[in-house]
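Enquirer: Structure, please.
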Amino acid sequence: MNKYDIIIAGAGASGVFLSYELTKLDNKAKILMLDKGAPLEKRICPIKLGKTDNCIKCEPCHIMNGYGGAGTLSDGKYNITTKFGGDLHTYIGQEKAMELMEYVDEVLCSFGGADAKLYSTGNSDLKTTALRNNLNLLDAKVRHLGTDRNVQILERICNYTKERVEMEFYATVTEVAQNPDGTFSVKTNKGEEYQCDDLVLATGRSGSKWISGICDQMHIGLEQNRVDIGVRVELPAEIFKHITDEVYESKIVYKTDKYNDMVRTFCMNPYGEVVAENTNGIVTVNGHSYADPSLRTENTNFALLVSNKLTAPFKDSNEYGESIARLSNMLGGGVLMQRFGDLVKGRRSSERRMEKCFTRPTLKATPGDLSLVLPKRQLDNIIEMIYALDKIAPGTANEDTLLYGVEVKFYNSRVEVNENLETKIKGLYALGDGSGVTHSLSQASASGVHLGRILAEKYSK
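Expert: The predicted structure is shown next:
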């Protein structure tokens, strides 16, 4: 059995920054990082390679898994704020959380992100315009790296840490057990077995079921979080240009008149593309954008999400989201797409109608009817939000605005941890989006830095 001081299960944002901090700071720890996905250079989606038009459910999904996690092939957007993106500040304090996110930004800039623009919504005229139309623009600083530059930065961080941190890819952790002496045994699908003194669970969004299973097994408390369900909107970039040029990522929240529900924009990608991603065998949509002008498209895309926090007796909010996504996959063979004009007129989009559409889709999806998939309440909320956005970005409610379904943001059950992000079991930690404590690249990365400093001090003695 191979013995390590620290094993990191998961190479997502929190795991990457944990490994970075342990490499940078003086300590004697022997460290292993395990991930079910591929190394960075092999993380290429077959759709991107032109080998297929639709998601073929690669296992593991290159967009969701591998070095850097789901954030690697995202558009590299780091929101420096505690207003959204998680609750790290409730564990370590507001000032500390902001300090760590600013530090993460400094590290990204030092590895090649310095040329990426830093946007701010704090003093934006858009905030006033939004409020006048019953919309709330959340305050944040946003560093947009772009998918291409994000990959380059992560490659440099990987090269910096790989001499210090052993990395094993295509390695799914199948078994975790605590030994009588307090150490941990970890087994993988490759038949390998490892032992460590400190075990860090950093599996990200795609590891939600896995980490819940570990917590159930070890009787660690879990609090169910919400699930956000909605669509990805795609429209000509000119419609949102006055917003994206000024603040880039506009987190806009709206309270609907009909149901008093909260709807929000999420993950805005100017001149970007819509992509499919595979989470636990379910195909959903997301969006990417690039720093290189030659890779940009004529469209902007963003998600519209409705928050759902279900009450007793139902407990598994993620299962609710998965069931809706499965229905979309069943009807569309993957991702469904519908013109907004067809949706409000109560008719399905067809190949014939799509041929006349002025907005050219960036993802090949099945034309269909989202009203057969999304519950009426969520759909009514989304339609109302689109009309509200049309007041600050005229053209949002055009007939040829495209809606892709479904987009689901699964929030892991929040693991019961202390201010050190340690569970009740000494030496067992839960980080990043996998812990349910964070929901963003900035906060997940900051959580890795936070624990990295704690463990570096432990192993420097």
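Enquirer: what about Asn79, which helix or strand?
Expert: Assigned by DSSP states H and E, Asn79 belongs to strand 77-80.
Enquirer: no no, Met385
Expert: With DSSP H and E as the test, Met385 turns up in helix 376-392.
Enquirer: hey, C-alpha coordinates of that helix in PDB?
Expert: Only the C-alpha atoms of helix 376-392 are listed here, as PDB (Å, rounded to 0.1, in the frame of the first residue of the first chain):
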ATOM      1  CA  LYS A 376     -45.300  25.500 -16.100                       C
ATOM      2  CA  ARG A 377     -44.200  27.500 -13.100                       C
ATOM      3  CA  GLN A 378     -40.600  27.600 -14.200                       C
ATOM      4  CA  LEU A 379     -41.500  28.300 -17.800                       C
ATOM      5  CA  ASP A 380     -43.800  31.200 -16.800                       C
ATOM      6  CA  ASN A 381     -41.100  32.700 -14.700                       C
ATOM      7  CA  ILE A 382     -38.500  32.500 -17.600                       C
ATOM      8  CA  ILE A 383     -40.900  34.100 -20.100                       C
ATOM      9  CA  GLU A 384     -41.700  36.900 -17.700                       C
ATOM     10  CA  MET A 385     -37.900  37.400 -17.100                       C
ATOM     11  CA  ILE A 386     -37.200  37.600 -20.800                       C
ATOM     12  CA  TYR A 387     -39.800  40.400 -21.200                       C
ATOM     13  CA  ALA A 388     -38.300  42.200 -18.200                       C
ATOM     14  CA  LEU A 389     -34.800  42.000 -19.700                       C
ATOM     15  CA  ASP A 390     -36.200  43.300 -23.000                       C
ATOM     16  CA  LYS A 391     -36.700  46.700 -21.200                       C
ATOM     17  CA  ILE A 392     -33.000  47.200 -20.600                       C
END
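Enquirer: Quick check: buried residues in it?
Expert: Neighbour counts over helix 376-392 (16 or more other Cβ atoms under 10 Å) mark 378-386, 388-390, 392 as buried. (C-beta placed from N, C-alpha, C; glycine too.)
Enquirer: Okay, Gly207 and His89: tell me how far apart.
Expert: Applying Cβ to Cβ, to the nearest Å, the value for Gly207 to His89 is 23 Å.
Enquirer: just Thr311 next, same as before
Expert: Counting by Cβ to Cβ, the gap from Thr311 to His89 is 26 Å.
Enquirer: Which strands or helices does the helix or strand of the chain with the lowest mean pLDDT pack on?
Expert: One helix or strand of the chain scores below all others by mean pLDDT, DSSP states H and E: strand 222-223, with a mean of 84. Using 3 or more Cβ pairs under 8 Å, 6 or more residues apart in numbering; DSSP states H and E, the elements in contact with strand 222-223 are helix 208-217, strand 414-415.
Enquirer: want to throw the ones you listed into JSON lines with mean neighbour count and distance to Pro39?
Expert: Shown next, in JSON lines, are these (neighbours: other Cβ atoms under 10 Å; distance: least, Cβ to Cβ, whole Å):
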{"stretch": "helix 208-217", "mean neighbour count": "18", "distance to Pro39": "20"}
{"stretch": "strand 414-415", "mean neighbour count": "20", "distance to Pro39": "27"}
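Enquirer: any idea how far Leu126 is from Leu135?
Expert: Counting by Cβ to Cβ - Leu135 and Leu126 are separated by 10 Å.
Enquirer: Please say which of Thr311 and His89 ends up with more neighbours.
Expert: More neighbours surround His89 than the other of Thr311 and His89, with 19 against 7 (other Cβ atoms under 10 Å).
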